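[1] Give me the fold of what follows.
(chains A and B)
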2 protein chains.
Amino acid sequence: MRGSILPMNTADLGLPVDVPSTALFTDQYELTMLQAALKAGTGERRSVFEVFTRRLPEGRRYGVVAGTGRVLDAVENFRFDADVINFLRERRIVDEATLKWLSSYRFGGDIWGYPEGEVYFPGSPILRVEGSFAECVLLETVILSILNHDSAIAAAASRMSSAAGERPLIEMGARRTHELAAVAASRAAYVGGFATTSDLAAGFRYDIPTVGTSAHAFTLLHDNERDAFQAQVDSLGPGTTLLVDTYDVTEAVRTAVEVAGPELGAVRIDSGDLLLVAHRVRQQLDELGATKTKIVVTSDLDEYAIASLAAAPVDAYGVGTQLVTGSGHPTCSMVYKLVARAHSADAEAPLEPVAKKSLGAKSSLGGRKWAARRTDEQGVAEAEVVGTGPVPPALADRQLLVELVKGGEVVAREPLDAVRDRHAAARAGLPLSATQLSRGEAVIPTEYL
Amino acid sequence: MRGSILPMNTADLGLPVDVPSTALFTDQYELTMLQAALKAGTGERRSVFEVFTRRLPEGRRYGVVAGTGRVLDAVENFRFDADVINFLRERRIVDEATLKWLSSYRFGGDIWGYPEGEVYFPGSPILRVEGSFAECVLLETVILSILNHDSAIAAAASRMSSAAGERPLIEMGARRTHELAAVAASRAAYVGGFATTSDLAAGFRYDIPTVGTSAHAFTLLHDNERDAFQAQVDSLGPGTTLLVDTYDVTEAVRTAVEVAGPELGAVRIDSGDLLLVAHRVRQQLDELGATKTKIVVTSDLDEYAIASLAAAPVDAYGVGTQLVTGSGHPTCSMVYKLVARAHSADAEAPLEPVAKKSLGAKSSLGGRKWAARRTDEQGVAEAEVVGTGPVPPALADRQLLVELVKGGEVVAREPLDAVRDRHAAARAGLPLSATQLSRGEAVIPTEYL
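    Predicted structure coming up:
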């Protein structure tokens, strides 16, 4: 799988349009640190930064790496053009020497990381950025923004798709989040196992299949439900999905089958006790001869509601709010930390591990790390092994980090379907309890070597 | 206040770059409804859509309208250019007649709404969009995305700024949310009362003051803390903010004042028991003669933590995760509903109220609404009055909705500082219990006339 990374053509920024630069998706302190380090002569010190999280969101069994493809494009597009330089100059954010340095900035280092779609655990070195301090420190915010957002959505999506089993999930949360976060959320949901999206921008940008037919407004626009259904079927054909809960569901289902015939594609239920209503509607549809008409449900679903409908005659789930808000965990707690640095830019200068040493939960482990997933005899994951020394031979072929950027050049583009497949495979390789929805600890421990 | 709306020059999309079109920030069903309505001849029916929420997030006393300025730009930029039309054609999302209609689309109707920064309550008609069904139905998703996201952030910001009192709040959550949601979040935080942001894109796009000096990585880069502080002070001057919790706080504070002198601008504490540490650091700074050196705290703060530090010697708060995730409520539950429609496009045709009538929480009130805030003799708000009939004379000058778009032209641009001031004034006009942090009901009831 990891060898089959393919080139991808589109600039993958989560936007329906290209963004000429990602350089301002940056916290000001990165530029002031740059200025001070350049002046002190320490900016060129060879440095290693790592992205990791100290913990999973409470109760979650595994995390999902998502956004890596967007990170690669953000790094590639991280340039300070004249407009940006002028802004920084006018606002006196950094001095002229730093502006000069920035105006020719291009990341020229190396990035390794967990391939997108992989699962992760506390301490997993999800991304490793190496180069001069100056070139690496600037990337902190944009990398974290992308990974923290996209991974939070993908983790929720993964739980939902696991709860849904073979039934397809429709992403329809655009209206519940920022209009461009929505596009990235659709992408992350697809990685996590969703089948389609309602968001046209996500279809345009990432070629994710899009779906959608009608809302209550369409029924209310017409003089009665029959007129509305007739108008929809006349235009979209009998294979369309009719929304049956604007007035009385039973009457609506009857009208729907009368208008569309037994070839009616699906009915959608967006309110009420979905378990009860789905059973009634299925029975009614069958009695009307519409045995192949599907039932789509879409009311404030999350992974628990989806699981509770497993025995109901439901054919597809539409998920909005809970997907785009990460089902209670709208962000991850990934951090970007300097873990090692040399005393010079020299590639031969020894790297010294560094780490914050204050008391409390914010301390971290210094040193450039490798990671491998140890499996048992059946091939099921049993530990996330993270180390700073040599990789034990038994784990050599189970290493998780792959090369993503080499000397500033992106070397690991891949299609989104490959990422989606990787996630399904990675999740399938975890112990069965990984997909239990009940709260618990990380499904495998992280061991440090 | 409401008369003083001024023109604004920038296209206000929450992006550090312009977006040529917002037309794809749209759920597919809006286009399929359009197609069916155009074919049925109902697409031209004069229609009224309203944005409102059925409830505030649990425990919250008031909501904050934010994003209106971004909505106006999104509506203005809602065009289907050739690329978009080709995409819709290739994916067979709508038919050729609909594509032709879309290619000349421009919203030509009227929009009224609560001015940005106002507070709102359950049932408040936050935005009212009027025109043909066809032209209005398309705007649902982009309007809701913006208002649901930005209002959620502004509501959290408002609680935090109320808890912080006169002390300034720094928005530093970019790394915890989507890179462009972060820009909109900075804007919404500013509306809610934050003073500054770390996000350079928000400074570039909205002219919000930006701040930032250094992270732990900068200290770790250097051979010791003294070298790091010296490098920072040499470059940024003694007025800078030194981060003092990489190793031992007491030692760091001593070193900081030795290096920068008593003119040291501020120290930042990012971990530990902030209440305890702030007191110790204040005492130490005073003993060292650095009586004017400020203390900035920045560790996982929310409104409750801010309030708990009210008696601590803290001069400014930096807030990240909890701000950009809406402090437990990352989205609002605003909906966009058809509330009235005529049988024709004729401006004289009577508008008939319409509403979904299914059982359960999702029913809503039909009819085009006005809203006014009734106040007591002291001028304190005592009820949000929402009605569909004539406005009672006593409430005529307390109406909340203002004209935002007239015949497709935006008529209500205003600078962000005016919005920020309006929010402060609106919050100040609520009963005192509005700013209690404890969970409760909406601070004033919504009455329907």
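[2] dump the residue contacts of residue A:243.
    Counting by CB atoms under 8 Å, 6 or more residues apart in numbering or on different chains, residue A:243 touches A:213, A:214, A:215, A:216, A:218, A:219, A:267, A:268, A:270. Every residue, glycine included, has its C-beta placed from N, CA and C.
[3] from those, which are also near chain B?
    A:213, A:214, A:215, A:216, A:218, A:270 (CB under 8 Å from any CB of the partner chain).
[4] what's the burial count for the second one?
    Neighbours of residue A:214 under the rule other CB atoms under 10 Å in any protein chain shown: 25.
[5] what about residue A:276, distance to chain B?
    Separation of residue A:276 from chain B (CB to the nearest CB, to the nearest Å): 12 Å.
[6] for residue A:399, same thing?
    26 Å.
[7] surely residue A:158 meets residue A:427?
    Yes: using CB atoms under 8 Å, residue A:158 makes contact with residue A:427 at a distance of 6.3 Å.
[8] Could you save the ones next to chain B among the contacts of residue A:243 as JSON lines and add columns showing pLDDT and secondary structure?
    Formatted as JSON lines, those follow (pLDDT from 0 to 100; DSSP: H, G, I helix; E, B strand; the rest coil):
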{"residue": "A:213", "pLDDT": "94", "secondary structure": "coil"}
{"residue": "A:214", "pLDDT": "97", "secondary structure": "coil"}
{"residue": "A:215", "pLDDT": "97", "secondary structure": "coil"}
{"residue": "A:216", "pLDDT": "97", "secondary structure": "helix"}
{"residue": "A:218", "pLDDT": "98", "secondary structure": "helix"}
{"residue": "A:270", "pLDDT": "95", "secondary structure": "coil"}
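[9] Let me know the closest of these to residue A:408.
    Distances from residue A:408 to the ones next to chain B among the contacts of residue A:243, taken as CB to CB, are shortest for residue A:213 (46.5 Å).
[10] so what's the closest one up against?
    A:232, A:236, A:240, A:241, A:242, A:243, A:268, B:29, B:32, B:33.
[11] Which ones among those residues map onto helices?
    The helices, defined by DSSP state H, take in A:232, A:236, B:29, B:32, B:33 from the contacts of residue A:213.
[12] of the ones next to chain B among the contacts of residue A:243, closest to residue B:143?
    residue A:215 (13.8 Å).
[13] nearest residue to that closest one other than its sequence neighbours?
    Of all residues beyond its chain neighbours, the one nearest residue A:215 is residue B:29 (5.8 Å), with distances taken as CB to CB, 6 or more residues apart in numbering or on different chains.
[14] Against residue B:23, how distant is the one you found?
    Using CB to CB, to the nearest Å, residue B:29 is found at 15 Å from residue B:23.
[15] Kindly report the same for residue A:134.
    Distance, residue A:134 to residue B:23, by CB to CB: 41 Å.
[16] Repeat that for residue A:447.
    For residue A:447, the distance to residue B:23 - CB to CB - is 51 Å.
[17] Of these two, which one has the most company?
    More crowded of residue A:447 and residue B:23, by other CB under 10 Å: residue B:23, with 24 against 14.
[18] tell me the contacts of the more buried one?
    B:78, B:79, B:80, B:81, B:84, B:102, B:105, B:138.
[19] Please apply the same query to residue A:250.
    A:280, A:284.
[20] Below-threshold pLDDT in chain A: ranges please.
    Within chain A, the ranges that satisfy pLDDT under 70 run A:1-19, A:358-363.
[21] that older thread, list buried residues within the contacts of residue B:23.
    B:78, B:79, B:80, B:84, B:102, B:138 (16 or more other CB atoms under 10 Å in any protein chain shown).
[22] how much space is there between residue A:169 and residue A:197?
    Counting by CB to CB, the separation of residue A:169 from residue A:197 is 10 Å.
[23] who touches both of those two?
    Shared contacts of residue A:169 and residue A:197, counting by CB under 8 Å, 6+ apart, come down to residue A:189.
[24] Which one of those two is surrounded by more residues?
    Under the neighbour definition other CB under 10 Å, residue A:169 and residue A:197 were set side by side, and residue A:197 has more, 31 against 25.
[25] What does the more buried one show for phi and psi?
    phi -140, psi 150 (degrees, to the nearest 10).
[26] Return the residues of the stretch 51-200 of chain A in contact with chain B.
    Within the stretch 51-200 of chain A, the positions lying close to chain B (CB under 8 Å from any CB) are A:74, A:84, A:87-88, A:91, A:93, A:95, A:133, A:137, A:140-142, A:144-146, A:148-150, A:172, A:174-182, A:184-185, A:198-200.
[27] about what we covered before: I'd like to know how many residues surround the residue nearest to residue A:215.
    For residue B:29, using other CB under 10 Å, the count is 24.
[28] Now do the contacts for it.
    By CB under 8 Å, 6+ apart, the neighbours of residue B:29 are A:198, A:212, A:213, A:214, A:215.
[29] quick one: which of the residues you listed is nearest to chain B?
    Sorting these by distance to chain B puts residue A:212 at the head of the list, at 3.2 Å, by CB to the nearest CB.
[30] What are the boundaries of the helices in the stretch 151-300 of chain A?
    For the stretch 151-300 of chain A, the helices defined by DSSP state H, counting those that start in this stretch cover A:181-191, A:200-206, A:216-221, A:225-236, A:249-260, A:274-287.
[31] Appreciated, that's everything.
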